[in-house]
Every structure is written in C-alpha cells, then in structure tokens.
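Student: Compute the structure for the input listed below.
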Amino acid sequence: MAEQTAPPVIRDGTPVKPDAAVVRDALGVGVAVGLSGFAFGVTSAGSGLSLLQTCVLSLLVFTGASQFALVGALAAGGNPFTAAAGAFFLGTRNAFYGLRLSQLLAVPKAVRPLAAHWVIDETTAVALAQPSRRAARIGFTVTGLTLYVLWNLTTFLGALGAEAIGDTAAWGLDAAGPAVFLALLAPMLKSTTERATAGIAVLLGLGLLPVLPAGVPVLAAALAAPAVLWAQGRRTAPTGEAQGRRTAPTGEAQGRRTAPTGEKDSR
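Tutor: Modelled structure (predicted):
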C-alpha cells in the first residue's frame, strides 16, 4: 500500500507537465521507434529464421538491440549459442534500468511482471524525462504500449515482405531506434560530468566494437561512469589536502604567539 500511495516526485523549479503533452511525446517516440520493426523483420527473415520464430522473438524478447544482435550474429554464420549469449549480455542493461524505474514508477506488485517486460531504452528515457511520478507513469505506459504493438506488427509485416523491401541498410530503418534514443538523451546532458561520461562511453563502445562480441561493447561502455567519478575524486583530493596544510600553520603560529605571553606571566 505504501508504494501505491507514494507522493509524486516533482523536481524543484519544474512546472507540472500536462498529461496531453506527455502522451504526445510518448506517442512520438513509440511510433518512430516502432516502425523500425520493419528492419528487424526483414533482417530476421534474411538470417534464416521463419516467420513464426521472428514474431515470437519480438513478442517475448522485445528489446530491439538484443534482437538485432541475435539475428545479426546468425546471419554472419555465428553459433546460435554464441549469438544468444551476446544478445543476453546486451539485454542485461535493462535490469539496471529496472532498478531506477522501480523507485520512480512505484507500480503495484501485481503488475510488475508486465511492466518489467516494457523496461527498455525508450520507455526508460521517456519516463526519466518527466517531472513527476504521474507523468513518468503515463509516459512509460503510453510509450511501452505503442512501441510493443507497432514493433510486433511491423516485425510481422517486415518478415512477410522481406523480398519486396530488399536491403534494410538502404532504407536506414535500423538507425531509427538509436537516433530517437540519442535525441532523448542529449537534452539531459547538462553538466560537464554528464557530457564527459557520455563522450567516454561512446569512445569505449565504438572502439571495442570490432574486437568484442555483439553486446559486450555496450556493457563495457558503462565503465565510463566510474572512470569519470574516479577522475573527479583525484582532482578534488589535492584541494582538500592543500586546505588542511594551510590551516595547520595557522594553529602553530597562534601557539607560538601565545607561548611568550605565558612565559612572561610566569616570570
């Protein structure tokens, strides 16, 4: 009950966002990313998966990056177990999203399993961008529902019309999802620390992409956060030590100034 009646989280200095505006933004993200299911359907069919296998993968897995990693590895002739392992490791980032969203959304326990299925990049980005718990819940729900329906519908259509559509790279559909996600994240990078973390994460991800299995570079990019925090700690530590050294002589000098006075009094 405490979770259901938790007060809304409203950030200081941020006005309450109308529900209609939240729904509009969530629908925009859901539609834009959901259409990229065409690309997955075509890619999956081209990698040798049947129509049923492709549709079941979207229904049960529902995380585009992991799905693309799986069918991409299969299309390249990779071992199915290796492809599944790479997709699994790439999908583990959603567990970290869930830790944050569980506190923000505070959904009832009865619907948590259903909500967990919708914890992906886009729903997380939309929810975290909202100023209150109510807005976050609306954004998460509308984005998740819209994206789930469209993703599975376009996956089905893409697998059916794989031959008619042709090369998905020529259409650029595979770039729609990442482009929308980056557009959502960019306005949130306001401080130097956040920009530095994002920049290092990009360098790690792109630099390790040619040498590590699919999905692993994304996980390795998470090391950017502790690296930036460590560097900040190294910069602030000498400042604190210098301040300590500056205060120490002051106390010693005061002791020297008071010592002669005490000696004169004793005489």
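Student: before we move on, which element is Gly48 in?
Tutor: Using DSSP states H and E, Gly48 sits in no helix or strand.
Student: That one: what's it in contact with?
Tutor: Gly48 makes contacts with 74-75, as judged by C-beta atoms under 8 Å, 6 or more residues apart in numbering. Placement of C-beta: from N, CA and C, glycine included.
Student: count of residues packed around Ala76?
Tutor: 10 (other C-beta atoms under 10 Å).
Student: per-residue confidence at it?
Tutor: Looking at Ala76, its pLDDT reads 70.
Student: Do a quick rundown of the helices in the stretch 1-150 of the chain.
Tutor: 19-34, 37-46, 51-60, 64-75, 80-91, 93-105, 112-117, 121-128, 133-160 (DSSP state H, counting those that start in this stretch).
Student: Of those helices, flag the one that's most buried.
Tutor: helix 37-46 (a mean of 26; mean count of other C-beta atoms under 10 Å).
Student: where are the low-confidence patches of the chain?
Tutor: Flagging of the chain using pLDDT under 70 yields the residue ranges 1-15, 163-185, 187-188, 214-215, 237-267.
Student: Nearest residue to the middle of it?
Tutor: Asp121 (5.3 Å; C-alpha atoms, centre = their mean).
Student: Surely that one and Ala65 touch.
Tutor: Yes. Using C-beta atoms under 8 Å, Asp121 is in contact with Ala65, at 7.3 Å.
Student: re the thing from before, so which of the helices of the stretch 1-150 of the chain comes closest to Pro217?
Tutor: Across the helices of the stretch 1-150 of the chain, Pro217 has its closest neighbour in helix 80-91 (9.2 Å, C-beta to C-beta).
Student: who touches that closest one?
Tutor: Contacts of helix 80-91 (C-beta under 8 Å, 6+ apart): 61, 63, 65-67, 69-70, 73-74, 213-216, 218-219.
Student: change it to 10 Å
Tutor: By C-beta atoms under 10 Å, 6 or more residues apart in numbering, the list of residues contacting helix 80-91 from outside reads 47, 57, 61-63, 65-79, 120, 212-219.
Student: quick one, it and helix 51-60 angle?
Tutor: Helix 80-91 runs at 30 degrees relative to helix 51-60, counting by axes from the mean of the first three to the mean of the last three C-alpha atoms, to 10 degrees.
Student: what's the distance between helix 80-91 and the middle of its chain?
Tutor: For helix 80-91, the separation from the chain centroid amounts to 19 Å (computed by C-alpha atoms, centre = their mean, to the nearest Å).
Student: One more: stretch 130-146?
Tutor: Using C-alpha atoms, centre = their mean, the offset of stretch 130-146 from its chain centre is 16 Å.
Student: swap in stretch 85-100?
Tutor: With C-alpha atoms, centre = their mean, you get 10 Å for stretch 85-100.
Student: now do stretch 201-217
Tutor: So, by C-alpha atoms, centre = their mean, the centroid of stretch 201-217 is 16 Å from its chain's centroid.
Student: who touches it?
Tutor: Counting by C-beta under 10 Å, 6+ apart, 65-66, 68-70, 72-73, 76, 78, 82-83, 85-93, 182, 218-225, 227-228 sit against stretch 201-217.
Student: From Asp121, how far out is Leu128?
Tutor: 11 Å (C-beta to C-beta, to the nearest Å).
Student: ah, wrong one, I meant Phe88
Tutor: 16 Å.
Student: Then Ala84?
Tutor: To Asp121, Ala84 is 20 Å away according to C-beta to C-beta.
Student: where do the helices sit along the stretch 151-267 of the chain?
Tutor: Under DSSP H, counting those that start in this stretch, the stretch 151-267 of the chain gives helices at 162-165, 168-171, 176-185, 192-208, 216-221, 224-266.
Student: Please identify the buried residues of the fourth one?
Tutor: By that I understand helix 192-208. 196-198, 200-201, 204-205 (16 or more other C-beta atoms under 10 Å).
Student: Could you export those as JSON lines, including distance to Leu145?
Tutor: Below are the buried residues of helix 192-208 laid out as JSON lines (distance: C-beta to C-beta, whole Å):
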{"residue": "Ala196", "distance to Leu145": "36"}
{"residue": "Thr197", "distance to Leu145": "31"}
{"residue": "Ala198", "distance to Leu145": "29"}
{"residue": "Ile200", "distance to Leu145": "35"}
{"residue": "Ala201", "distance to Leu145": "29"}
{"residue": "Leu204", "distance to Leu145": "34"}
{"residue": "Gly205", "distance to Leu145": "30"}
